[in-house]
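Visitor: Provided below are the primary sequence and the corresponding predicted coordinates.
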Amino acid sequence: ASFGNTTAAESIANANLTTDAELASELAGAEKLATLAGRVPVATYVIKILEALLEALSNLFMVLLLTIYLLLSPASAHPPLAITTDGGSSTTCEDEGADRQINLYIRGKVVVSFLVGVVTAVSLGVLRVDLWLVFGVLAFWLNFIPTVGTVVAVLLPMPLVLLDPAFSSAAVVLVFTIPLAAHTFAGNVLEPLMFGQTLKLHPVVVLVSLLLWGSVWGIT
């Protein structure tokens, strides 16, 4: 009987040792995984993936926009300029034409900026954001500044709504998306159409010029 008890005790001890060894092995594996995870910059990879996805979506949007312009515009909407070889065109006429196109561009830019300012002011006023009229005026002036003006105009009201507990999450999203949508629509749809008509340029030419010089000069 004592021999049987000894054998049973040894079996239990061996089982406990095996269990302890397995636990120690699992803990060592978990520590190795934690160490490996600490060495791998997971957050950096996630940010890079998100940036790549946003860039791809932006490029897809621009491709679709250019395709729509090319499909909807008739072939004779923007005829090529006639080139005269008789030498009768004067410098005065060319200067007057350039001045007229510059005036048309400035007027069109003012109209578009005014519409952006009105949409921004009205949307912020409806959402009961403080200083909504000031933000509307700033959106009007900042629309004259490419790229940076849009970012500043959209982000200016955000501290007021983020720090005010009276605004819900839906209101915060609307305060951000409505001005952003107004600037995006004005810069990518309204301005190419208006300037394409007034300056006798195809909207695709306007957009490609903006993309080209934006990539060359950046936000400057």
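Guide: Received the coordinates, thanks.
Visitor: residues in contact with residue 176?
Guide: Neighbour list for residue 176: 154, 158 [criterion: Cβ atoms under 8 Å, 6 or more residues apart in numbering]. Glycine gets a C-beta too; all of them are placed from N, C-alpha and C.
Visitor: what is the rounded mean pLDDT of the helix or strand where it lies?
Guide: Assigned by DSSP states H and E, residue 176 belongs to helix 169-185. Helix 169-185 shows a mean pLDDT of 92.
Visitor: can you check stretch 124-137 too?
Guide: Mean pLDDT, computed over stretch 124-137, is 92.
Visitor: rewinding a little: please point out which parts of the helix holding residue 176 sit buried.
Guide: Neighbour counts over helix 169-185 (16 or more other Cβ atoms under 10 Å) mark 172, 174-176, 178-180, 182-183 as buried.
Visitor: where's residue 209 relative to residue 195, distance?
Guide: When distance is defined by Cβ to Cβ, to the nearest Å, residue 209 is 10 Å away from residue 195.
Visitor: What of residue 177?
Guide: 26 Å.
Visitor: try residue 28
Guide: To residue 195, residue 28 is 67 Å away according to Cβ to Cβ.
Visitor: Mind checking which of the two has more residues around it?
Guide: A count of neighbours by other Cβ atoms under 10 Å puts residue 195 above the other of residue 28 and residue 195, at 20 against 10.
Visitor: pretty sure the more buried one contacts residue 108?
Guide: Yes: in this structure residue 195 lies within contact range of residue 108 using Cβ atoms under 8 Å: 5.9 Å.
Visitor: burial of residue 116, as a residue count?
Guide: The burial count for residue 116: 25, using other Cβ under 10 Å.
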